[in-house]
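In: Pasting the sequence and the predicted model now:
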Amino acid sequence: MADLWQNAMDHAVAAARRAGQVVREALLDDRKVMTKSSSVDLVTQTDQKVEQLIIQSVKEKFPTHRFIGEESVAAGEPCILTDDPTWIVDPIDGTTNFVHAFPFVAVSIGFSVNKQMEFGVVFSCLEDKMFTARRGSGAFCNGEPLQVSGQKDIQRSIIATEFGSNRDPEVVDKMFSSLRNVLCIPVHGMRGAGTAAINMCLVASGCVEAYYEIGMHVWDLAASSLIVSEAGGVLMDVEGKDARASADGGDARRGAKSVRCACVFRRSGRSDVPTDRRSQQQNHR
Ligand SMILES: O=P(O)(O)O[C@H]1[C@H](O)[C@@H](O)[C@H](O)[C@H](O)[C@@H]1O
Ligand SMILES: [Mg+2]
Ligand SMILES: [Mg+2]
């Protein structure tokens with residue numbers, strides 16, 4: 001049976017690749033940096049230009065579709081998800097990295113119908129890695145299938161997180177307290193690429209066991225949420241409840257702009273985790 005949305009997904013991949021070219025070219029020029037909610041919540045003219053390029057290209061091909069775009073919402077567009085086919089766009093995920101030429105910058109394009117992600121595309125444009133997922137058909141990086149880590153012991157895991165753009169000392173204290181709690185489990189290590197979408201693609205790729213962040217927005221994770229789940233991972237909130245509703249725009253549905261938290265872990269599976277940690281060979285795939 002023909003896939004109703006394959007044409008749209010192909011368009012998303014081509015649009016993400018073109019957007020990545022614009023990002024790479026912009027890195028050769030001075031980047032005009034502006035701020036949004038705080039002095040460390042950055043946006044550039046390239047973010048805005050890339051979002052408009054993606055949205056205009058979609059409107060020409062799919063005139064009835066709707067959009068939730070990070071910079072359109074910042075400019076006052078509503079952030080409400082309906083049952084209509086909706087493109088959820090983060091034109092540059094990792095804007096701070098882009099400003100500093102730190103080499104992890106993603107173009108993230110998610111596509112939702114009936115409030116359910118149908119496909120997700122994340123282009124890590126400085127690594128030239130195209131992460132894709134079609135609901136029910138698996139997750140891929142440059143065409144190679146992705147599978148989350150098989151590691152079930154958090155003490156043998158790498159956990160990723162981000163600090164966001166809130167510098168309120170009380171919030172920072174809470175973040176550091178979480179960091180301390182996780183590090184002292186103990187875990188092998190903690191990492192952050194500087195972009196939620198790439199952190200989640202690292203989970204889908206199996207090189208990071210989990211990623212958590214408090215305060216992400218729906219456009220940060222819409223595409224990568226499907227890439228994680230199609231690679232065998234799960235999304236949950238801090239109470240362990242299925243967070244796909246938020247990732248699919250649940251919070252956007254309610255008009256909220258940010259997902260409280262999305263933790264991505266491997267899907268629970270076999271119970272053959274070795275209990276005697278001392279003698280076990282640390283097998284990492
Ligand atoms: O603003 P962009 O699109 O760069 O998204 C990032 C957020 O800005 C960070 O606060 C957040 O911590 C994540 O890094 C997220 O990817
Ligand atoms: Mg983002
Ligand atoms: Mg962004």
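Out: Yep, it's here. Ligands and ions are numbered 1, 2, ... in the order given.

In: all contacts plus neighbour counts: C-alpha atoms, from now on.
Out: Fine.

In: now D128: how far from D10?
Out: D128 sits 17 Å away from D10, going by CA to CA, to the nearest Å.

In: Against which helices or strands is the one helix or strand V122 maps to packed?
Out: According to DSSP states H and E, V122 maps onto strand 116-124. Packing partners of strand 116-124 (3 or more CA pairs under 8 Å, 6 or more residues apart in numbering; DSSP states H and E): helix 6-26, strand 106-113, strand 129-134, helix 196-204, helix 218-230.

In: 7 Å - rerun?
Out: Packing partners of strand 116-124 (3 or more CA pairs under 7 Å, 6 or more residues apart in numbering; DSSP states H and E): helix 6-26, strand 106-113, strand 129-134, helix 218-230.

In: Determine which stretch of the ones you listed is the most buried.
Out: helix 218-230 (a mean of 31; mean count of other CA atoms under 10 Å).

In: near ligand 3, anything from that one?
Out: No: Helix 218-230 stays clear of ligand 3 (CA under 5 Å from the ion), getting no nearer than 7.0 Å.

In: Stretch 82-92 now?
Out: Yes: for stretch 82-92, a contact with ligand 3 is found by CA under 5 Å from the ion, at D90, I92.

In: Let's have the helices and strands packed on strand 116-124 in TSV, adding mean pLDDT and distance to ligand 1.
Out: Shown next, in TSV, are these (pLDDT from 0 to 100; distance: least, CA to the nearest ligand atom, whole Å):
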stretch	mean pLDDT	distance to ligand 1
helix 6-26	98	13
strand 106-113	98	9
strand 129-134	98	16
helix 218-230	97	6
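
In: Would you mind saying which of the ones you listed lies nearest V172?
Out: Evaluated over these, closeness to V172 peaks at helix 218-230, with 20.6 Å, by CA to CA.

In: and the residue in the stretch 51-200 of the chain that ligand 2 sits nearest to, how many neighbours?
Out: Closest to ligand 2 within the stretch 51-200 of the chain is D93: 3.9 Å, counting by CA to the ion. Counted with other CA atoms under 10 Å, the neighbours of D93 add up to 27.

In: any idea how far G20 is from T46?
Out: 11 Å.

In: How far does stretch 226-233 sit from its chain's centre?
Out: From the chain centre to the centre of stretch 226-233 is a distance of 11 Å (CA atoms, centre = their mean, to the nearest Å).

In: picking up where we left off before, direction included, what does the strand holding V122 pair against?
Out: When pairs are called by DSSP bridges, strand 116-124 turns out to pair with strand 106-113 (antiparallel), strand 129-134 (antiparallel).

In: Contacts for the last one, please.
Out: Yep, that's strand 129-134 we're talking about. With CA atoms under 7 Å, 6 or more residues apart in numbering as the test, strand 129-134 has contacts from 118-124, 139-142, 226-227, 230.

In: For those residues, which ChimeraX command selects only the ones that are buried?
Out: Of the contacts of strand 129-134, the buried ones can be selected in ChimeraX as follows, counting by 16 or more other CA atoms under 10 Å:
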select :118,119,120,121,122,123,124,139,140,141,226,227,230
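
In: mind checking how far H11 is from V22?
Out: As judged by CA to CA, H11 and V22 stand 17 Å apart.

In: What of F111?
Out: Distance of F111 to V22, computed by CA to CA: 22 Å.

In: what are the ranges of the helices in this protein?
Out: All helices of the chain, identified by DSSP state H, fall at 6-26, 45-61, 70-74, 95-100, 169-183, 196-204, 218-230, 244-247, 250-253.

In: what's A223 in contact with, if anything?
Out: Residues near A223 by CA under 7 Å, 6+ apart: S108, I109, G110, F119, G120, V121, V122.

In: got the residues of the stretch 151-285 of the chain near ligand 2?
Out: Contact residues (CA under 5 Å from the ion) of the stretch 151-285 of the chain with ligand 2: D220.

In: show me where pLDDT drops low in the protein?
Out: Counting by pLDDT under 70, the chain has low-confidence residues at 1-2, 243-285.

In: which residues touch the residue nearest the centre of it?
Out: In the chain, the residue lying closest to the centroid (CA atoms, centre = their mean) is A197, at 2.4 Å. By CA under 7 Å, 6+ apart, the contact list for A197 reads D93, A106, V122, D220, L221, S224.
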